[in-house]
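J.: quick one, what's the 3D model for this:
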Amino acid sequence: MRKNNILFIHRSFLRNVSLLSAKFMFSQLQFPHYSAQKSSCFYWEWESILEWERDWAFHEGKCYYFNTNRTSWSDSRRFCRDLGGDLVKIDSREEQEFLVGKMTTWENEFWIGLTDSETEGRWLWVDGSPLNESLSFWNTGEPNDVKTDNSEGEDCVGLDMRGRDGDLKTWNDQSCDIGYRGICEKPAVTGKTSCV
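T.: Okay, here's the model as predicted:
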């Protein structure tokens, strides 16, 4: 009887190790950019992935992740893509209200998936679709393509809460190289009302 219990425990252990190894390999495939930059410790990697999934916010059939690391626009986009999404594309006033509502202080500056880096003045979302000007939330005087910090000007868009109190006009064009946080977006699983 004791020998059977030990054999059962050993087989269960091997099965769990195999399952965890498979999950780790999957995480490496799903998040190659992030994994290459961080510790290769298996426990840390898997805990981080679980934490990311838990920290996605659900709204109107979409999931949002508010990355707190300040990086360039392209690094923020790469991070979002490594998580299976992309920088957020704002499709409605309600979505803008939701995102602004999540920004709690004036220090919250987040990249969104809008850029005119291909052609100056032609704003495109990360999916290649053009900005609908009737559904834009530019701050007063924006976009202004200031070239003081970067000779290429300001080609990427961030949500910027400075001096606002309940105002939805939070878009500001910035140099793509400055460090903002990023808002990732991905579709929610069909039929689910959460992101986990």
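
J.: give me the contacts around stretch 125-136.
T.: Outside of stretch 125-136, the residues that reach it under the criterion C-beta atoms under 8 Å, 6 or more residues apart in numbering are 77, 86-87, 89-93, 113-115, 122-124, 171. In short, each C-beta sits where N, CA and C put it, glycine included.

J.: farthest pair in these?
T.: Greatest spacing in the contacts of stretch 125-136, by C-beta to C-beta: R77 and R93 (24.0 Å).

J.: who has more neighbours, these two?
T.: For R77 against R93, the residue with the higher neighbour count under other C-beta atoms under 10 Å is R77, and the figures read 22 against 11.

J.: mind listing the helices for the protein?
T.: 2-30, 32-37, 42-54, 73-82, 93-102 (DSSP state H).

J.: what's the burial count for I90?
T.: I90: 24 surrounding residues under other C-beta under 10 Å.

J.: residue contacts, the closest residue to it other than its chain neighbours?
T.: With C-beta to C-beta, 6 or more residues apart in numbering as the measure, Q96 is the residue that lies nearest to I90, at 5.4 Å, once sequence neighbours are left out. With contact set as C-beta under 8 Å, 6+ apart, Q96 has these partners: 90, 137, 168, 170.

J.: where does this structure have low pLDDT?
T.: In the prediction, the chain carries residues with pLDDT under 70 at positions 1-54, 106, 162-166, 196.

J.: for it, longest strand please?
T.: In the chain, ranked by residue count with DSSP state E as the criterion, the top strand is strand 62-71.
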